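*Asks:* sharing a sequence plus its predicted fold:
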2 protein chains.
Amino acid sequence: MRVPMTVADFLDRAESGFADSPGVIDEPSQPAAPVAPSTYRRLGERVRAWQAGLDALGVGEGERVAVVSHNSARLLELLFAVPMSGRICVPVNFRLKAEEIEYVVRQSGASVLLVDPEVRDTVADVKVAHRFTLGEQTDTELMRFGVEPRPWSDPDEDATATINYTSGTTARPKGVQLTHRNIWVNGLTFGLHTRAWERDVYLHTLPMFHCNGWGMPFVMAGLGAKQVVLRKVDGTEILRRVDEHGVTLMCGAPAVWNAVLDAATGWAGPVPGRDRVRIVCAGAPPPSRMIQRVEEELGWEFTQIYGLTETSPLLTFNRARPEDDALRGEERARKLSRAGLPALGVKLRVADSGEVMARSNVVLDGYWEKPEETAAVLEDGWFRTGDGGTLDPEDGHLTISDRKKDVIITGGENVSSIEVEDTIFSHPGVAEVAVIGVPDPRWGETIKALVVRADGSAVSEAEIIAYCKERLAGYKAPTTVEFREAIPRTATGKVQKFKLREPYWAGQARRVN
Amino acid sequence: MRVPMTVADFLDRAESGFADSPGVIDEPSQPAAPVAPSTYRRLGERVRAWQAGLDALGVGEGERVAVVSHNSARLLELLFAVPMSGRICVPVNFRLKAEEIEYVVRQSGASVLLVDPEVRDTVADVKVAHRFTLGEQTDTELMRFGVEPRPWSDPDEDATATINYTSGTTARPKGVQLTHRNIWVNGLTFGLHTRAWERDVYLHTLPMFHCNGWGMPFVMAGLGAKQVVLRKVDGTEILRRVDEHGVTLMCGAPAVWNAVLDAATGWAGPVPGRDRVRIVCAGAPPPSRMIQRVEEELGWEFTQIYGLTETSPLLTFNRARPEDDALRGEERARKLSRAGLPALGVKLRVADSGEVMARSNVVLDGYWEKPEETAAVLEDGWFRTGDGGTLDPEDGHLTISDRKKDVIITGGENVSSIEVEDTIFSHPGVAEVAVIGVPDPRWGETIKALVVRADGSAVSEAEIIAYCKERLAGYKAPTTVEFREAIPRTATGKVQKFKLREPYWAGQARRVN
């Protein structure tokens, strides 16, 4: 028997097996009235109310529903409600500027836009058929409690469930189409390798818009585990929640764990969660010093994954291997800093060029309405990750040595260097620009702009940074600007980023952090 | 991207990530020379040698390869080698009589028959194109080491991987066709719910021919865990291996755990594996007294699953729930004796008739060349389990109230033989029990208990009847008790009620009244 693998499987099991268990604990302090602490029965009711509301609006199957929100119970509900009714959810990075959000809404063709109160003013001018502010407005004007929604007419595991926009190498983000099957397989393998279960308490330290929170909202529901919403990353607040809710599992970029480590030094009494919490780190390769501190100062189990939005994201998983149990300190941290072993069902190979290629059911269906870009990354049944790496012939572990594409990962956020270059270049005082990532102890990488001033221009570092902050999400603005006489190019006029980066990375083992 | 989910995924990960880890430890004392203790690299080499051998024989894709064997490394290898090359593996119960094996070989149309040395004489007259005795003969005459096998031309997740013949209650077994997708999803969900991982040491207490050892040979390989072969169930030997190999995980029918409990009473020193071992019980509903003893006397975690060969087998999983942590003794054991909560991706409902219906990707494709029998169990996207049960509206747990075939109807009242057995088994003087209906001129059927007394017990018929009447409705108490030396069981620990009933129903036109 073949049954479509869909997002519904996760909520179905939560509702049938864990109806009265704690489901989603919303952020207590947020601009929208928080959703009352909720059982999985209540989550199911609210999901159906969203669906009935979309029915009433006349939003058909296959239509896109964009959501711009910080982490919140409502965003989590929508990750179920929209795909389960055969529609497509488009979770949008809440840090984007108005014109960036407008582009995503327009390119995805979304007919509904749901926004967090804090983002409402930013998107005031975005054109869309239906617009609601998450909170009281959606709960009273949109959601239809007690009304049975129209069921998905023909559930299909290959249907697109979500479109998640990435900052790629091009100026414009691309919409990654993840199918129900992508999400299902990612959820199962993520749960399997993290040994997730019903006794876990999951804290959403990761933005849910980012690759659907790596699929954890789905799998933690499917296992009946309690989920605690965290709206904004704050080290002390994370420790407080770990203590208060008995948190056992969290995911996040190295920047998150750095924030926690900082907070722990000022924490009164023993750090909560010792020998109980396990963390999953990704988004940028973690410095081994950080790994060591997490294990020694916090007593939390450190694991790492590697993946991309295009891969749902789980490609590899790294947990201390039995044969490394005797290792301590740097040597142990070094092994844990590798990307890890391919997850079940994932095949990796390294192309002659050094690029890591992946083949798996977690690989995207395609970029939304971008057939050329899709063809460029999907080739003969393999996906080009754009990252350079090596596979250890002894234990099969992947190490990422270089991000081939010009993506800078700062604090877990992907930034397209080209997008930032485009913005800086639009400044009349700039003749040439190259944007690179340079190592940063806190953010992994931080953004540096190398600028050649236009004739007669006296534009300053502060002016360029401010100029970018007006036009881009804050994290995309450079933190430093260096002025040059020229930017070296190849004979064909290409900037060789790796050469520009070289002096800043001297003495570092890798060329990415 | 869609990639076929096949059995190869499990071995691929074992080979790439755990090449030098202990793979399969063969039974040291078996008629065939044991396979040397093996890494997963070696398992992969042997799998390819089997495939190259089948290539050399001219066995094509889709052809059936029957294997009649006790648990052994070779049987485990064949569970990979045959389906991974696009052929179909038919693992056969080694306890079957010659004519039953002949029927399976003929009905499956197997062109190759591989037999354990102990079964060789039994199958001497079975007609088949190619026949080999497992051991030296296969290793030297069939396997082609170092020869690259022909790859499966068109891997397809919906292709049949194995045909497992059910030891049903009917005269002729039926061949359950499990697809690669069935096995893949079963493996993932089984691993997820048992929290299996690379540090597990799995002891094969379950016959591998039975539903492919519930899929554990696949998933344990995929996770890189060590697998220890056990050829024959023996309580003391199980304890010895748990101790020697640091076993953490085992599966088996209640009869297996009864054998272990018996052995533990005579074990010198502390029982090994306390607070380390977890067991998965199925095949027959476990008596609550046994559950209690496993937890208290062995200190092993007790979990239960429910399923059938037709469902790969995982339909439900039962582990102590957080809210039951405070429960002790009988009440706790009673909750653990339920079949459990549907696994991720499994939907259950109870038909008006009381029959449990299942819908999932673990449900069989069909019975091999039995379209009518297939149609009889697959109806409108649901599979008829043939078992009666109820779903707890509070926590979604399934309780099997009766294997349909085992229901006793006495004086118009339906009696669950399981319930009566559970009650009788709770009597300390009882070692084993089977309850059946026998013809009765007044009541149609009346209840008879077949009892094996515990060592040193002199419990009487009257005492057992009185004991039941104190605890059950009067009509559920047996009217007669017969004492036996043993109760015959199938290889999987199931009591074949129809065989026990047979003598009492001789000369009757029907087998129920």
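*Replies:* Thanks, I have it.

*Asks:* residue A:442 reaches residue A:258, doesn't it?
*Replies:* Yes - at 5.6 Å, residue A:442 and residue A:258 qualify as touching, with contact defined as Cβ atoms under 8 Å. All C-beta spots, glycine's among them, are computed from the backbone N, C-alpha and C.

*Asks:* look at the two and report which has more neighbours.
*Replies:* residue A:258 (22 against 12; other Cβ atoms under 10 Å in any protein chain shown).

*Asks:* ignoring the adjacent residues along the chain, who's closest to residue A:235?
*Replies:* residue A:263 (3.0 Å; Cβ to Cβ, 6 or more residues apart in numbering or on different chains).

*Asks:* and for the one you found, the neighbour number?
*Replies:* Residue A:263: 17 neighbours (other Cβ under 10 Å).

*Asks:* got it, and the one 10 residues further on?
*Replies:* Neighbourhood size, residue A:273 [other Cβ under 10 Å]: 24.

*Asks:* relative to residue A:364, how far out is it?
*Replies:* Using Cβ to Cβ, to the nearest Å, we find residue A:273 at a distance of 34 Å from residue A:364.

*Asks:* show me where chain A dips below the pLDDT cut-off.
*Replies:* A:167-171, A:283-285, A:402-406, A:489-496, A:509-513 (pLDDT under 70).

*Asks:* what's the biggest helix in it, counting residues?
*Replies:* With secondary structure taken from DSSP state H, chain A has its longest helix at helix A:40-57.

*Asks:* which elements pack onto that one?
*Replies:* With contacts taken as 3 or more Cβ pairs under 8 Å, 6 or more residues apart in numbering or on different chains; DSSP states H and E, helix A:40-57 sits against helix A:8-17, strand A:22-25, helix A:73-84.

*Asks:* buried stuff in the longest one?
*Replies:* To tie it back to what came earlier, the one meant is helix A:73-84. Neighbour counts over helix A:73-84 (16 or more other Cβ atoms under 10 Å in any protein chain shown) mark A:73-84 as buried.

*Asks:* dump these to a markdown table, plus distance to residue A:446.
*Replies:* A markdown table is the format used below for those (distance: Cβ to Cβ, whole Å):
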| residue | distance to residue A:446 |
| --- | --- |
| A:73 | 33 |
| A:74 | 33 |
| A:75 | 28 |
| A:76 | 31 |
| A:77 | 35 |
| A:78 | 33 |
| A:79 | 31 |
| A:80 | 36 |
| A:81 | 38 |
| A:82 | 35 |
| A:83 | 36 |
| A:84 | 40 |
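
*Asks:* ok, those residues vs residue A:112, which is closest?
*Replies:* In terms of Cβ to Cβ, no member of the buried residues of helix A:73-84 lies closer to residue A:112 than residue A:82, at 8.9 Å.

*Asks:* who touches the closest one in this structure?
*Replies:* By Cβ atoms under 8 Å, 6 or more residues apart in numbering or on different chains, residue A:82 lies in contact with A:50, A:54, A:65, A:88-89, A:162.

*Asks:* let's see 10 Å
*Replies:* Neighbouring residues of residue A:82 by Cβ atoms under 10 Å, 6 or more residues apart in numbering or on different chains: A:7, A:47, A:50-51, A:54, A:59, A:63-67, A:88-91, A:112, A:114, A:161-162.

*Asks:* tell me where the stretch 101-250 of chain A has helices.
*Replies:* A:136-137, A:180-194, A:216-222, A:235-245 (DSSP state H, counting those that start in this stretch).

*Asks:* can you read off the backbone torsions of residue A:340?
*Replies:* Torsion angles at residue A:340 (phi, psi; degrees, to the nearest 10) stand at phi 120, psi -170.

*Asks:* who does it bridge with?
*Replies:* residue A:398 (DSSP bridges).

*Asks:* check the one 10 residues further on too.
*Replies:* Assessed by DSSP bridges, residue A:350 has beta-bridge partners residue A:356.

*Asks:* okay, now it: neighbour count?
*Replies:* With other Cβ under 10 Å as criterion, residue A:350 counts 15.

*Asks:* OK, contacts around the residue nearest in space to the middle of chain A?
*Replies:* By Cα atoms, centre = their mean, chain A has its centre lying nearest to residue A:210, at 2.8 Å. Applying Cβ under 10 Å, 6+ apart to residue A:210 gives the contacts A:91, A:93, A:164, A:166, A:251, A:253, A:283, A:309, A:313, A:412-414.

*Asks:* counting only helices, which of these make the cut?
*Replies:* Per DSSP H, these never map to helices.

*Asks:* including neighbour count and distance to residue A:193, could these go into TSV?
*Replies:* Compiled in TSV, the contacts of residue A:210 are given as follows (neighbours: other Cβ atoms under 10 Å in any protein chain shown; distance: Cβ to Cβ, whole Å):
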residue	neighbour count	distance to residue A:193
A:91	27	24
A:93	22	27
A:164	25	21
A:166	20	23
A:251	24	12
A:253	24	19
A:283	26	17
A:309	21	19
A:313	23	13
A:412	21	20
A:413	20	25
A:414	22	23
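
*Asks:* follow-up on the earlier one: give the residues shared as contacts by residue A:442 and residue A:258.
*Replies:* Taking Cβ under 10 Å, 6+ apart as the contact rule, residue A:442 and residue A:258 both touch residue A:411.

*Asks:* next SSE downstream of the helix or strand containing residue A:302?
*Replies:* Assigning secondary structure by DSSP states H and E places residue A:302 in strand A:301-307. Sequence order places strand A:314-318 as the next helix or strand after strand A:301-307, per DSSP H and E.

*Asks:* tell me which strands that next one pairs with, and in which orientation.
*Replies:* In its sheet, and by DSSP bridges, strand A:314-318 pairs with strand A:301-307 (antiparallel), strand A:341-342 (antiparallel).

*Asks:* tilt between it and helix A:180-194?
*Replies:* 0 degrees (axes from the mean of the first three to the mean of the last three Cα atoms, to 10 degrees).

*Asks:* give the buried residues for strand A:314-318.
*Replies:* Neighbour count says strand A:314-318 has A:314-318 buried, by 16+ other Cβ under 10 Å.

*Asks:* tilt between that strand and helix B:8-17?
*Replies:* 40 degrees.

*Asks:* now tabulate the strands paired with strand A:314-318 in TSV and tack on mean neighbour count.
*Replies:* Below are these laid out as TSV (neighbours: other Cβ atoms under 10 Å in any protein chain shown):
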stretch	mean neighbour count
strand A:301-307	24
strand A:341-342	26
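
*Asks:* neighbours around residue A:71, how many?
*Replies:* Counted with other Cβ under 10 Å, residue A:71 comes out at 26.

*Asks:* now swap in residue A:41 and tell me
*Replies:* For residue A:41, using other Cβ under 10 Å, the count is 16.

*Asks:* what residue of chain A is the furthest out?
*Replies:* Chain A, Cα atoms, centre = their mean, max distance from centroid: residue A:456 (42.2 Å).

*Asks:* on the three-state scheme, that residue is what?
*Replies:* coil (DSSP: H, G, I helix; E, B strand; the rest coil).

*Asks:* hang on, the earlier thing: now the residue nearest to the centre of chain A: how far from chain B?
*Replies:* 21 Å (Cβ to the nearest Cβ, to the nearest Å).

*Asks:* and the gap between that residue and residue B:225?
*Replies:* In terms of Cβ to Cβ, residue A:210 sits 32 Å off from residue B:225.
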